[in-house]
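Student: Based on what follows, work out the 3D shape:
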Amino acid sequence: MTRTDGLIDQPRALRDEDQFDVEAVDAWLKDNLEGIEGQPRVEQYAKGASNLTYRLSYPDRDLILRRPPPGTKAKSAHNMVREYQVQRALRPVYPYVPRVLALCRDESVIGSDFYVMERLEGIILREDLPEGLKLEPDQARLLSKTAIDRLIDLHQVDLDQTGLRRLGKGAGYNKRQIEGWSERFRRAKTWNVLPGRMVMRWLAERVPDEVRLCLIHGDYRFDNLVLDVNDPMNIIGVLDWELATIGDPLMDLGNSMAYWVQEDDDKYFKGFRRQPTHVPGMLTRAEVVEYYCDRMDLKPDNWAFYEVYGLFRLAVIAQQIYYRYHKGQTRNPNFQHFWLAVNYLLWRCRRVIKRAD
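Tutor: Numbering: from 1, shown residues only. Now for the predicted structure:
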C-alpha cells in the first residue's frame, strides 16, 4: 500500500447556483467564533447530492460549512439545526463525529440555517480508489470489516449518555419508514420512472417488528467515512448525520448494503457505485450481513425485506433528487440521468423479491 499527496479529497470552485454571501458568513463567523482572522477562500465539494458542503480556508482555521440545497425538499429533510444538535450530543460517546463549532439560525445571513464544523483531513473513498492508494486483498478485507465495526459501535451507543432518545417515535419505526418512503416516491414520481407499486405493496405486507431500537446513521457508506492519510486502515471520522435517528439497526444495514456494489455485480450497478467495495478482498454483501449479525447477536430470517427496503429507499432518494432537476430547481448536470438509476434499483428490488418468494 502506497500513498501520495493526491489522496486527500479536494474541493472545487462554487457552482453558480450554490453561491452564497461570503462576506455575510465571514462577518457572522467573526462575531460567533474566536480566532477567525483574514478572509476565507471558499470552495465547494462537488460530490454529494443532498446538503451542500463548502470548505472555508482561513489563514489559521480550516472550516466546513453545511447548508441545504435550493428547491423543493421533503419537509423533514435538510434540517441543519437537527444535524448540528445530533453531532454535538453524540461526539462525547462516539469520537468519530467531527467537532461542530457554530450554528446559525438567522436566515437573513444566507437565506437558510447553516452550521460550521472542523475539517477532518483524510482520505474519502469514492467510486474508485484514489490514485496512489493500492489495497492488497487482505487490506481491503480488513478495511471493509473496520467500516462495519464502526457501524456496530454506533448501534451499540448507550442512548442514555447522549440525550438523543427524543429523536425516536418508539415502536413502529419500520412501518413508518415503509409508509414514508412510499409516499415520497409517489410525490416525486416523474413520467419516465416505473410505478413501483408491486415493490411498495410487497414491503408493506411484510414489515417486521424492530429487532431493537438504537441510534442509526441513515446513510452509512465509504464516502461518508474519513480515513487516516497515514494509516488508511484507520477510520478517523464519520460524516453526514442528516438522516440519523432512533431506529432498527437492520434497516440501517439494509440502507448501507444498497450502496455495497461487489465485484461480481453487473456493469450497470457498478456504473453508479459510490464506493470501491468492488475491489478484490472487500467483503461481499452476504459476508457483511453475516459478520454484522454475528457481532450484534442477531439472526434475521427475513433479510430479503431489509435488502429490498434499502434498494427502494435509495431509489426514492435518487428520484427526489432527479425531480429537482426535472423541475428546473437545479441545473447540476450530475443529476440528469438519475431516473435511469431509479428504474434499475426498482428492477433490483423485483429481482430480490422474486428470489425471496
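Student: Kindly list the longest helix within this protein.
Tutor: helix 303-326 (DSSP state H).
Student: Give me the buried positions along that helix.
Tutor: Buried residues in helix 303-326, counted by 16 or more other C-beta atoms under 10 Å: 303-326. Where you see a C-beta, it was placed from the backbone N, CA and C, and this is true even at glycine.
Student: Same question for stretch 203-211.
Tutor: Buried, per 16+ other C-beta under 10 Å, within stretch 203-211: Leu203, Arg206, Val207, Glu210, Val211.
Student: Can you give the distance of the longest helix of the chain from its chain's centre?
Tutor: 13 Å (C-alpha atoms, centre = their mean, to the nearest Å).
Student: and what of stretch 18-36?
Tutor: So, by C-alpha atoms, centre = their mean, the centroid of stretch 18-36 is 26 Å from its chain's centroid.
Student: The stretch 251-357 of the chain: helices as residue ranges?
Tutor: Secondary structure of the stretch 251-357 of the chain (DSSP state H, counting those that start in this stretch): helices at 267-271, 285-296, 303-326, 338-356.
Student: what's the closest of those helices to Tyr173?
Tutor: Nearest to Tyr173, of all the helices of the stretch 251-357 of the chain, is helix 303-326, at 11.7 Å by C-beta to C-beta.
Student: Please parse this protein into its domains.
Tutor: Following automatic domain parsing, the chain resolves into domains at 5-118, 137-356.
Student: Can you add distance to Arg126 and mean pLDDT and give those domains back as TSV?
Tutor: As requested, the domains of the chain are exported to TSV (distance: least, C-beta to C-beta, whole Å; pLDDT from 0 to 100):
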stretch	distance to Arg126	mean pLDDT
domain 5-118	7	88
domain 137-356	6	96
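Student: Ranking those by mean neighbour count, which comes first?
Tutor: domain 137-356 (a mean of 18; mean count of other C-beta atoms under 10 Å).
Student: Could you report the separation of the spatially closest residue to Tyr220 that is not a sequence neighbour from Glu118?
Tutor: Residue nearest to Tyr220 in three dimensions, not counting chain neighbours: Ser256, with 4.8 Å by C-beta to C-beta, 6 or more residues apart in numbering. Note on Ser256: its distance to Glu118, by C-beta to C-beta, to the nearest Å, is 25 Å.
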